[in-house]
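> sequence unknown, structure follows:
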Ligand SMILES: Cc1ncc(COP(=O)(O)O)c(C=O)c1O
């Protein structure tokens, strides 16, 4: 009999955290490291939001709250869904957790039985398959391709659905590719789902506000109102408001599902941090003025990175619609050898050699379920990005 749970054999530790840790170790050892692995904005939480948190502390809002969120925050979330997504929810249809991650996890724990399948487009956010496995379900990945800018097609979705499919997990704009589905592209997917009434939709809208140029964010229940009764719309304040450390995520959906998710949370973490809940009210109800200038900055960085990486030998880098990631393909680098003599036989070898030989930390594509690629997070300064891209260009030029 082993001491540790057999469940843990099914999951792996987060590879994004592993890369960040390795880069930090090398930096501490005195190496010149540029880390492009982070999954969070590089700017500070806006002052009005911090002030709301400080005011909450000073007025004693420091005790347990209702398990899945205070009424004022649920009200602010309902107002946000009405304002941004034309979706009508009542507070009883809303749940608040410790980050979007907990909300997604609650939903899987509340609904998955052994054998239940969850369709996950790849490349995917690293945690999705492992969360499904921890909850006892079976992840079914559907690989998007470079040719379709990392978006899956209606035919692919149709082919992946079986009688055991419980959820279709949707994420746009995407981590790790930044790909965002247009209204028509999403409608093609929701049309498929209309034909399969046993399949529910979990949509992770975490990067909603990080949408650039002509791209307009849209979400499944908005594009196809007939799916409203079987859609869980997940969102949070982490990315748009630079509040990753505050740990507030939320979701809205059918009341029985929300109740079941609350039950999971009531027997695990109870309420999300009381102070953070008050700060999140300010994030949602307060000024949104900083979003546009931040997005201008992200567009500039995206273009800088895409333009530079596309000059690197063996790299093809699509220009995505949102988030703060790009996901270049390195298919033409595979089989080559680096200046230091390392064979690049897969994307993990590429990322490891890149870190060791140039000090640039990226996350290899296999971690996200689609290879050979790597993920760059461009949530860092223009200078760091320019330097990092130049090092990647030089690294690729020396491959033989
Ligand atoms: C696609 C996606 N969903 C959810 C999350 C989790 O967000 P939170 O920090 O609110 O738990 C992340 C964070 O990296 C993400 O990239």
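Nice, I can see it. Keep in mind that what you see is a predicted model, and the values were worked out from it rather than measured.

> residues in contact with the residue of the stretch 1-150 of the chain found nearest the ligand?
Of all residues in the stretch 1-150 of the chain, residue 99 sits closest to the ligand, at 2.7 Å by CB to the nearest ligand atom. The C-beta positions use only the backbone N, C-alpha and C, and glycine is treated the same way. By CB atoms under 8 Å, 6 or more residues apart in numbering, the contact list for residue 99 reads 236, 238, 247-249, 272.

> Assign a three-state SS to residue 121, would you?
In three-state terms, and counting by DSSP: H, G, I helix; E, B strand; the rest coil, residue 121 is strand.

> Tell me which other helices or strands the helix-or-strand element of the chain with minimal mean pLDDT touches.
Among the helices and strands of the chain, helix 15-28 carries the lowest confidence by mean pLDDT, DSSP states H and E, at a mean of 83. Counting contacts by 3 or more CB pairs under 8 Å, 6 or more residues apart in numbering; DSSP states H and E, helix 15-28 packs against strand 34-35, helix 347-358, strand 360-361, strand 363-364.

> for it, which positions count as buried?
15-16, 19-20, 22-23, 26 (16 or more other CB atoms under 10 Å).

> now the angle from it to helix 347-358?
Calculated by axes from the mean of the first three to the mean of the last three CA atoms, to 10 degrees, helix 15-28 forms an angle of 10 degrees with helix 347-358.

> Now do the longest helix belonging to the chain, average pLDDT.
Counting residues, the longest helix in the chain under DSSP state H turns out to be helix 291-309. Computed over helix 291-309, the mean pLDDT rounds to 97.

> So which elements touch it?
Applying 3+ CB pairs under 8 Å, 6+ apart, one finds that helix 291-309 contacts strand 325-326, helix 382-397.

> can you put these in JSON lines and add mean neighbour count and mean pLDDT?
Shown next, in JSON lines, are the helices and strands packed on helix 291-309 (neighbours: other CB atoms under 10 Å; pLDDT from 0 to 100):
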{"stretch": "strand 325-326", "mean neighbour count": "26", "mean pLDDT": "98"}
{"stretch": "helix 382-397", "mean neighbour count": "18", "mean pLDDT": "98"}
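
> Next, please give the residue ranges for the strands of the chain.
With strands called from DSSP state E, the chain shows them at 34-35, 94-97, 117-122, 138-143, 165-171, 200-204, 231-236, 249-252, 325-326, 360-361, 363-364, 374-377.

> quick revisit: in the contacts of residue 99, find the pair that's most separated.
238 and 272 (11.9 Å; CB to CB).
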